[in-house]
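Undergrad: predicted structure and sequence below. I'll ask about it afterward.
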Amino acid sequence: MKRFNHLQQCLVLFGLCLLGAIIGEISPVSVPGSVVGMMLLFVCLMTGIVKVEQVEDVADFLQKNMAFFFVPMCANILEELEILKSTGLLLLGVCVFCTVITFAITGFTVTLLQKLMNGKEKKR
């Protein structure tokens, strides 16, 4: 298995991201290009078109430095501070509500899967 150098790894990852953005733009369904790019990467990894070793180094680097990619978004939020001041409490309430719902659904799903897995083990 030939390992790609860092430039080749970047080209694979960013090429799939660009392809996803193009597909997202021309698609009749409203799906963000970044999501399409991630699905393309997933399909390529699952089918063996791209091996994990071929993108591992750059993917690890990007994951370890992910906080850097949030800087532009945070700067943009600061520009919209007036809107946040007027709707901040409502936004906080929505975030808390959604977090509680997410925790509840996750807990329910885990419990259900544990019961299903235990039921299958007893049948064996």
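TA: Sure thing, it's come through.
Undergrad: show me where this structure has its helices.
TA: Listed in chain order, the helices of the chain (DSSP state H) span residues 6-26, 33-47, 56-64, 71-79, 81-123.
Undergrad: got the angle between the third one and helix 33-47?
TA: It refers to helix 56-64. When axes from the mean of the first three to the mean of the last three CA atoms, to 10 degrees is applied, the directions of helix 56-64 and helix 33-47 differ by 140 degrees.
Undergrad: now the angle from helix 56-64 to helix 6-26?
TA: Here helix 56-64 runs at an angle of 60 degrees relative to helix 6-26 (the same axes, to 10 degrees).
Undergrad: please apply the same query to the last one.
TA: With the same axes, to 10 degrees applied, the angle from helix 81-123 to helix 6-26 works out at 100 degrees.
Undergrad: rewinding a little: let's have the helices of the chain in a markdown table, adding mean pLDDT.
TA: As requested, the helices of the chain are exported to a markdown table (pLDDT from 0 to 100):
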| stretch | mean pLDDT |
| --- | --- |
| helix 6-26 | 94 |
| helix 33-47 | 94 |
| helix 56-64 | 92 |
| helix 71-79 | 83 |
| helix 81-123 | 89 |
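Undergrad: mean neighbour count added to those, as JSON lines?
TA: Every C-beta, even on glycine, is put in place using the N, C-alpha and C of the backbone. JSON lines is the format used below for the helices of the chain (neighbours: other CB atoms under 10 Å):
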{"stretch": "helix 6-26", "mean neighbour count": "15"}
{"stretch": "helix 33-47", "mean neighbour count": "15"}
{"stretch": "helix 56-64", "mean neighbour count": "13"}
{"stretch": "helix 71-79", "mean neighbour count": "9"}
{"stretch": "helix 81-123", "mean neighbour count": "10"}
